[in-house]
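>>> Kindly generate the corresponding structure for this input.
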Amino acid sequence: MKAPLLHAAFELLAYATGFLLSRRAWRRETRAFAARPGAGWIATAALLGDALGSKILFLLQYPDFVAANFPSAASLLGGKTIVGGLLGGLVGVEIAKKRVGVADSTGDLFALPVLAGLVIGRLGCLAAGLGDETFGLPTTLPWGWDFGDGVPRHPTPLYEIAFLLVLAAILRFARPRLAHAGDTFRIFMAAYLAFRVAVDFLKPPFGPVASAAEAALPRARVYAGLTAIQIAAACGVLYDLAVFLKRAGRRAS
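Have a look, this model is predicted:
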């Protein structure tokens, strides 16, 4: 199977796994999702937020590519980002919950399903080679991975998979000990976004172009030392920290 088709197969498997695990989690709840007030609006807002956030952040990550190819449909409609999808979905859900008057948190149910989907998706990124643009910078380390251009590189998708598996174990251990609804999902988001800020320094554009194949790919823009994905991820971490600090202040008072 060719790399693009293999990547698409892994991506579909990631979405299917996340959906099925989420559905199973809902079935374990004492109340069905459909019985929750405004559940349909919340689900719709999550999907729309995911799609818009993923696309907007991609446009900010590669503005030079978009501008050079405008108004090509490939530059406007192609490409998406995981960080943008997660943050966009979160914003969509929070807005919808305020509109329909839902105060309780349901994010805990989705932490592990989303995490599982990310692991499978990153396997697809690893199989896709350079075309997926999740490859790392050149390295002389013994585990350097050839993404198809003959250059040993940091296997950043494997780094992410390893991190996610460790995070999954921590969340499964910690979840019964967390007192507040939503804390599992917030910890997942804060940890994953912080990891993305760090690991993305091992990816282009934080290094020289190492091959002709890489030179033909879009290059992310750096804003004050960070890419758009890193800036968005850092904002997400700060938001989660603010939520935890606000809660700690309430307990102290």
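
>>> who touches residue 174 in this structure?
184, 187 (C-beta atoms under 8 Å, 6 or more residues apart in numbering). All C-beta atoms are positioned from the backbone trio N, CA, C, and that covers glycine.

>>> Can you give me the neighbour number for residue 98?
10 (other C-beta atoms under 10 Å).

>>> I'd like the next helix or strand past whatever helix or strand it lives in.
Residue 98 is located in helix 82-100, with elements delineated by DSSP states H and E. The first helix or strand that comes after helix 82-100 along the chain, using DSSP H and E, is helix 108-128.

>>> and the direction of that next one versus that of helix 82-100, what angle?
Inter-element angle recorded for helix 108-128 and helix 82-100: 160 degrees (by axes from the mean of the first three to the mean of the last three C-alpha atoms, to 10 degrees).

>>> Using PDB, list the CA coordinates for helix 108-128.
Taking Å, rounded to 0.1, in the frame of the first residue of the first chain, the C-alpha atoms of helix 108-128 are listed here in PDB:
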ATOM      1  CA  ASP A 108     -13.400  13.100  31.100                       C
ATOM      2  CA  LEU A 109     -15.200  10.600  29.000                       C
ATOM      3  CA  PHE A 110     -13.300  11.600  25.900                       C
ATOM      4  CA  ALA A 111      -9.700  11.900  27.300                       C
ATOM      5  CA  LEU A 112      -8.700   8.200  26.700                       C
ATOM      6  CA  PRO A 113     -10.600   7.800  23.400                       C
ATOM      7  CA  VAL A 114      -9.000  10.900  22.000                       C
ATOM      8  CA  LEU A 115      -5.600   9.700  23.200                       C
ATOM      9  CA  ALA A 116      -6.100   6.300  21.600                       C
ATOM     10  CA  GLY A 117      -7.100   8.000  18.300                       C
ATOM     11  CA  LEU A 118      -3.900  10.100  18.500                       C
ATOM     12  CA  VAL A 119      -1.700   7.100  18.900                       C
ATOM     13  CA  ILE A 120      -3.200   5.300  15.900                       C
ATOM     14  CA  GLY A 121      -3.100   8.500  13.900                       C
ATOM     15  CA  ARG A 122       0.600   9.000  14.600                       C
ATOM     16  CA  LEU A 123       1.300   5.500  13.300                       C
ATOM     17  CA  GLY A 124      -0.100   6.800  10.100                       C
ATOM     18  CA  CYS A 125       2.100   9.900  10.200                       C
ATOM     19  CA  LEU A 126       5.100   7.700  10.600                       C
ATOM     20  CA  ALA A 127       4.100   5.600   7.600                       C
ATOM     21  CA  ALA A 128       3.400   8.600   5.500                       C
END
